[in-house]
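Quick one, fold the following:
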Amino acid sequence: MERVLIIGTGSIGERHLRCFQATGLAEVSGCEPNAETRERISKTYRCPMYGSTEQAWKSGDFDAAVICTPAQTHMPVAAECLERGLHLLIEKPLSISLDGVEGVVRLAQAKKRAVGVAYVHRFILALIRTREILEQGMIGEVRQVSVESGQHFPTFRPAYRTIYYARHECGGGAIQDALTHLFHTISWLASPFRSVFAYAGHFVLEGVEVEDTVSVSGTLENGALASFSFNQFQAPNETVLSFHGPRGSIRTELHLGRVGIFLPGDAAWRWETVPQEERDAMFIRQANSFLDAIHGKAATLATLNDGLAILHVNRAALESARTRQEIRL
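The predicted model follows:
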């Protein structure tokens, strides 16, 4: 049983806490400065809770920590944990800037600790199946990728005005909060990014000024072209990823839980449906993968280097939207 400390038990931290408990392989505690939240989490999940990391360290030793604090604090908290010899799972985005990242990379290497970044799309069944098909080479090397995605954010995150989302410096806005998942997904499934050109605007969401609509074009290291169309106000919660190669196409519809293949000469898509799951299922798989990484086992988990690569993409997209220029990575 690994002793795991969840640092920050807001919405995503609470999910990590119960999902690590669900593995049956971790003794889970929480760290939360808000007294009301701390009491509720303790009663709901019957776990120890601390008001600060200092209190947690005084209580005993931990093997690992999951960092779910605002993005601008990730690196200082990560350094503090690594100095104590903890393995780490850091919520996305890895950070909002490069400040402190190099030091955390060096510390992780020096301490020989496993550090992952919580890009949980790696554990969605439809995307796992998509990766399998792509690796089989059925459509040849991917030459073009398109992603269309959106949801009605006020319905899914009604508190968006008062949480980190409202400010870029806390990891907010559509690019750092949600589109970063899709940047990572394409890097994982097709190829890392070479350059980014982005348009972004604030059109609908009330009470904030950060972007809620983004259109991105990019080039990938394998030479493929990628495009992303994303907003946080459309009525349907839908995400569609399309991959086109010289021998065919793959389409993944996350909201319907299905993957389609269309080869030259076909008259229609051939759909394969994956099992529908509760949202926690992918987080439990991610938790298990992190626990595997701690023990040196092969893990699907996004690495610290993966998280750093997508941090560069996030920053490039924000800079491009601001300067109206292509940013090379």
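
What are the boundaries of the strands in the stretch 201-329 of the chain?
Ranges of strands in the stretch 201-329 of the chain, per DSSP state E, counting those that start in this stretch, are 213-220, 225-231, 238-245, 248-253, 258-262, 270-273, 302-303, 327-328.

Could you name the helices and strands sitting against the last one?
For strand 327-328, the contact count by 3 or more CB pairs under 8 Å, 6 or more residues apart in numbering; DSSP states H and E identifies strand 193-201, helix 304-323 as packing neighbours. All C-beta atoms are positioned from the backbone trio N, CA, C, and that covers glycine.

among those, which is nearest A268?
Nearest to A268 among the helices and strands packed on strand 327-328 is strand 193-201; the distance by CB to CB comes to 32.5 Å.

What are the boundaries of the helices in the stretch 1-150 of the chain?
11-22, 35-45, 53-59, 74-83, 101-111, 125-135 (DSSP state H, counting those that start in this stretch).

any idea of the pLDDT on A299?
Turning to A299, the model gives it a pLDDT of 88.

contacting residues around it?
114, 116, 289-290, 292-293 (CB atoms under 8 Å, 6 or more residues apart in numbering).

ok, and the most crowded of those?
Among the contacts of A299, F290 has the most neighbours (other CB atoms under 10 Å), with 27 neighbours.

Surely that residue and L89 touch.
Yes: using CB atoms under 8 Å, F290 makes contact with L89 at a distance of 4.9 Å.

is it true that T23 touches A287?
Yes: with contact defined as CB under 8 Å, T23 counts as touching A287 (5.1 Å).

So for the two, which residue has more residues nearby?
Applying other CB under 10 Å to T23 and A287 shows that A287 carries more neighbours, namely 29 against 17.

any idea how far the more buried one lies from R38?
In this view, A287 and R38 are 21 Å apart by CB to CB, to the nearest Å.

R122: which of the strands of the stretch 201-329 of the chain is closest?
The nearest among the strands of the stretch 201-329 of the chain, by CB to CB, is strand 302-303 at 6.1 Å.

Which elements pack onto the closest one?
Applying 3+ CB pairs under 8 Å, 6+ apart, we find strand 302-303 packed against strand 115-117.

So what's the residue count around D99?
11.

so it sits right up against H74, yeah?
No: in this structure D99 lies outside contact range of H74 using CB under 8 Å: 10.5 Å.

quick one: low-confidence parts of the stretch 151-300 of the chain?
By pLDDT under 70, the stretch 151-300 of the chain has no low-scoring segment.

hang on, S146 packs against S227?
Yes: shown here, S146 and S227 form a contact pair, counting by CB under 8 Å, at 4.9 Å.

residue nearest the centroid of the chain?
Closest residue to the average C-alpha location of the chain: Y119 at 2.8 Å, with CA atoms, centre = their mean.

residues in contact with it?
Residues near Y119 by CB under 8 Å, 6+ apart: 92, 181, 184-185, 188, 302, 306-307, 310.

quick one on the thing from earlier: any shared contact partners between F290 and L89?
The contact sets of F290 and L89 overlap at 64, 116, 301 (CB under 8 Å, 6+ apart).

out of these, who's nearest D212?
The closest of the shared contacts of F290 and L89, once distances to D212 are taken by CB to CB, is G116, at 29.0 Å.
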